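Participant: sequence plus predicted model, see below.
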Amino acid sequence: MNSKSRTRVKTTPFSDFFRNAPSSEKRKFFDKVIQESVEYQRKMIAEAELLKFNK
């Protein structure tokens, strides 16, 4: 791709973080995201089980 054909987009704090943060900070971020996702999924599974047994 020709460099002239690329359009520059505004950076975001999120993109700046991933460009500039050390790998240890990125790992902390992803660990937190994963923990929250697992917690949410477990909650949803528990709610589904309750609905299943209440029928």
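Facilitator: Ah, there it is.
Participant: so which elements touch the helix or strand harbouring residue 51?
Facilitator: Following DSSP states H and E, the helix or strand that holds residue 51 is helix 23-53. Packing contacts for helix 23-53, counted by 3 or more C-beta pairs under 8 Å, 6 or more residues apart in numbering; DSSP states H and E, involve helix 13-20. Glycine gets a C-beta too; all of them are placed from N, C-alpha and C.
Participant: who are the packing partners of the helix it packs on?
Facilitator: The contact analysis (3+ C-beta pairs under 8 Å, 6+ apart) places helix 13-20 against helix 23-53.
Participant: the helix it packs on vs helix 13-20, what angle?
Facilitator: If you take axes from the mean of the first three to the mean of the last three C-alpha atoms, to 10 degrees, helix 23-53 sits at 130 degrees to helix 13-20.
Participant: helix 23-53: how far from the chain's middle?
Facilitator: Taking C-alpha atoms, centre = their mean, to the nearest Å, one finds helix 23-53 lying 11 Å from the centre of the chain it belongs to.
Participant: just stretch 16-34 next, same as before
Facilitator: On C-alpha atoms, centre = their mean, the centre of stretch 16-34 falls 10 Å from that of its chain.
Participant: and that stretch, average pLDDT?
Facilitator: The pLDDT scores in stretch 16-34 average 96.
Participant: and residue 45, how far is that from residue 32?
Facilitator: 21 Å (C-beta to C-beta, to the nearest Å).
Participant: for residue 2, give me the pLDDT.
Facilitator: In this prediction, residue 2 carries a pLDDT score of 59.
Participant: any idea how many residues pack against the closest residue to residue 18 other than its chain neighbours?
Facilitator: Excluding the flanking residues, the one nearest residue 18 by C-beta to C-beta, 6 or more residues apart in numbering is residue 26, at 6.8 Å. By the criterion of other C-beta atoms under 10 Å, residue 26 has 12 neighbours.
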